[in-house]
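**Student:** fold the following for me, if possible:
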Amino acid sequence: MNVLLISCYELGHQPFALASSAAHLLADGNRIRCLDLAVQELDTADVAWADVAGISVPMHTAIRLGVRVGDHVRAIHPDCHIVYFGLYASLNADYLLGTTADSVIGGEFETPLAEHVARLASAASEEVPGVASRVHRAEPNLNRQRFLTPARHLLPPLNKYARLQTAEGNTKLVGYVEASRGCAHRCTHCPIPAVYGGRLRIVQSRVVLDDIANLVGMGAEHINFGDPDFLNGIKHSLRIVRAMNREFPSVTFDFTAKIEHLLEHEEVISELGGLGCLFILSAVESIDEEILRYLDKGHNKDDIVRALQISREAGVALRPSLLPFTPWTTLSGYLELLDFVGEHGLVYHIDPVQYSIRLLVPPGSSLLKVPMLHPHLGDLIEEDFMYEWKHPDPRMDGLQREVAKAAEEGVRNGEDAAITFFKIKDRTLRTMLGHKRPTSTENVVVPAQKPPKLTEDWFC
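**Tutor:** Here you go, the predicted model:
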């Protein structure tokens, strides 16, 4: 079968889902082409060539773009079988199957996708577990699978993607890998528990290490571990980074982990710093303890301060991600968050877009079970793949729009993050007081040296 795999949005890195799926499909003798529309154009000839088009939708932005791509594929090649796969596919299966999708695969997708393509080739009538269609509904596939080394040769080169910007101001090529999927935790705002239900799935160590070796061969000097939480399977993760350091001692890395894991594994953070970890992304989200309880984050403000101390002692930068706009955020609470950022020297640790992030409530979200959300919740907007909600204080919705505009303008103009931060703080004070007043820089620690980061801002 001729299979065209398409990615629309992957946060500035090569689409792992395409490379991993391609490996499984190639092993079955299929002919594969990959398109990453973040850096390539949709090729009409590729679409006309394909018997099957697989569209990867691992996150909200990806599915919004993906349905448009599906429409284009259908218009170009009406007989092409269109399958959406990834985390957001199963969450929105009914909508997708009611529009352009012929089939949908959620959860662990590589094996079901390969089996589904084989079924299409043979015209077999038996349904593949984990594959939903217009005539057959199926739960996401969560079976453990044997992974294959991703087919990186089918993807655009690393220089097409985000790079590491070091503390010294240099840039390096970055390779993205995944050592695990799913998550042992159930944060209510996260879409992963809605699919995985607290389950963790491990990518075999040899596969991860071979993938890293291939990326290093392509020029990568830094590895971005994209696991939802790299410390969920801590023994597995340590085996990988220890082996990577032995084979490639100059290669650095970063990963994502919960605040509570950083506190639980303090001694491990120190070792990881010695093995080449430059920074850790952690979903801090808020410093408001009531909001943190609603989100079931498992940490509080004091824990965040302690995690900052642990990471700094290990020589590792902590880069918080934020969820500052929720139905429960107040103007004073938002200003308190900005003050916290300033007081703890985090101005350069947080991409300005993070100050504008608004709570997303997708279909199937665990937030729908949080009673405190119900007074603010509106209808499901199927074509936007989310529920509407409004803040009880209209000023907060207005401020969110202003902050998003300031962050966007800052990126477009190449503005220093500290300047954007002070503009956002000024807008916040103006919203609170109803008139313009100078923004105080007291108690704002702005380090002389910026911490390492990737050159594309993180948001989903």
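
**Student:** just the strands in the stretch 1-150 of the chain please.
**Tutor:** 2-7, 31-36, 52-56, 81-85, 103-105, 131-133 (DSSP state E, counting those that start in this stretch).

**Student:** same deal with the stretch 351-460 of the chain?
**Tutor:** 377-381, 386-389, 453-454.

**Student:** which one of those lies nearest to A307?
**Tutor:** A307 lies closest to strand 453-454 among the strands of the stretch 351-460 of the chain, at 17.8 Å (C-beta to C-beta). No exception for glycine: its C-beta is placed from N, CA and C like everyone else's.

**Student:** packing partners for the closest one?
**Tutor:** Where contact means 3 or more C-beta pairs under 8 Å, 6 or more residues apart in numbering; DSSP states H and E, strand 453-454 is packed against strand 163-165.

**Student:** neighbouring strands - and their directions - for the following helix or strand past the strand it packs on?
**Tutor:** As assigned by DSSP states H and E, the chain's next helix or strand after strand 163-165 is strand 171-177. Paired strands of strand 171-177, with direction, are strand 163-165 (antiparallel), strand 222-225 (parallel) (DSSP bridges).

**Student:** circling back: can you put the strands of the stretch 1-150 of the chain in a markdown table and add mean pLDDT, mean neighbour count and distance to Q145?
**Tutor:** A markdown table is the format used below for the strands of the stretch 1-150 of the chain (pLDDT from 0 to 100; neighbours: other C-beta atoms under 10 Å; distance: least, C-beta to C-beta, whole Å):
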| stretch | mean pLDDT | mean neighbour count | distance to Q145 |
| --- | --- | --- | --- |
| strand 2-7 | 98 | 26 | 17 |
| strand 31-36 | 98 | 21 | 18 |
| strand 52-56 | 98 | 27 | 17 |
| strand 81-85 | 98 | 27 | 13 |
| strand 103-105 | 97 | 28 | 12 |
| strand 131-133 | 95 | 21 | 14 |
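
**Student:** follow-up on the earlier one: any chance of the strands paired with strand 171-177 in JSON lines with mean pLDDT and mean neighbour count as columns?
**Tutor:** Formatted as JSON lines, the strands paired with strand 171-177 follow (pLDDT from 0 to 100; neighbours: other C-beta atoms under 10 Å):
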{"stretch": "strand 163-165", "mean pLDDT": "97", "mean neighbour count": "19"}
{"stretch": "strand 222-225", "mean pLDDT": "98", "mean neighbour count": "24"}
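
**Student:** wait, which of these is closest to E456?
**Tutor:** strand 163-165 (8.7 Å).

**Student:** residues in contact with the closest one?
**Tutor:** 171-174, 221-222, 252, 278, 450, 452-455 (C-beta atoms under 8 Å, 6 or more residues apart in numbering).

**Student:** pick the one among those residues closest to E388.
**Tutor:** L454 (31.7 Å).

**Student:** my guess is the closest one contacts Y161. True?
**Tutor:** No. Counting by C-beta atoms under 8 Å, Y161 is not a contact partner of L454; they are 9.3 Å apart.

**Student:** overlap in contacts, those two.
**Tutor:** G12, V174.

**Student:** hang on, Y348 is in a helix, isn't it?
**Tutor:** No. With DSSP: H, G, I helix; E, B strand; the rest coil as the criterion, Y348 is assigned coil and is not in a helix.

**Student:** for it, which non-adjacent residue is closest in space?
**Tutor:** Spatial nearest neighbour of Y348, chain neighbours left out: K450 (4.5 Å); criterion: C-beta to C-beta, 6 or more residues apart in numbering.

**Student:** could you check the pLDDT of that neighbour?
**Tutor:** Note for K450: predicted pLDDT of 91.

**Student:** and it, how many neighbours?
**Tutor:** Using other C-beta atoms under 10 Å, K450 is surrounded by 19 other residues.

**Student:** how far away is it from E456?
**Tutor:** Distance of K450 to E456, given as C-beta to C-beta, to the nearest Å: 16 Å.

**Student:** and what of E168?
**Tutor:** Distance of E168 to E456, computed by C-beta to C-beta: 19 Å.

**Student:** same question for L275.
**Tutor:** Counting by C-beta to C-beta - L275 and E456 are separated by 25 Å.

**Student:** so among the contacts of strand 163-165, which ones count as buried?
**Tutor:** K172, L173, V174, E221, H222, T252, L278, K450, P452, K453, L454 (16 or more other C-beta atoms under 10 Å).

**Student:** possible to save the residues you listed as CSV with distance to P375?
**Tutor:** Below are these laid out as CSV (distance: C-beta to C-beta, whole Å):
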residue, distance to P375
K172, 48
L173, 48
V174, 43
E221, 50
H222, 45
T252, 47
L278, 43
K450, 42
P452, 42
K453, 38
L454, 38
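
**Student:** from these, pick the one nearest L262.
**Tutor:** Distance to L262 across the buried ones among the contacts of strand 163-165 (C-beta to C-beta) is lowest for L278, with 15.2 Å.

**Student:** partner strands of the host helix or strand of that closest one, parallel or antiparallel?
**Tutor:** Using DSSP H and E, L278 sits within strand 277-285. Using DSSP bridges, the strands paired with strand 277-285 are strand 252-256 (parallel), strand 317-322 (parallel).

**Student:** and those as CSV, adding mean pLDDT and distance to L113?
**Tutor:** Putting the strands paired with strand 277-285 into CSV (pLDDT from 0 to 100; distance: least, C-beta to C-beta, whole Å) gives the following:
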stretch, mean pLDDT, distance to L113
strand 252-256, 98, 25
strand 317-322, 97, 30
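
**Student:** hmm, back to that, so which of the strands of the stretch 351-460 of the chain is the most packed in?
**Tutor:** Among these, strand 453-454 has the highest mean neighbour count (mean count of other C-beta atoms under 10 Å), at a mean of 24.

**Student:** run a quick neighbour tally on the closest residue to T100 other than its chain neighbours.
**Tutor:** Leaving aside its sequence neighbours, T100 sits nearest to G70 (C-beta to C-beta, 6+ apart; 3.9 Å). G70 has 25 neighbouring residues, counting by other C-beta under 10 Å.
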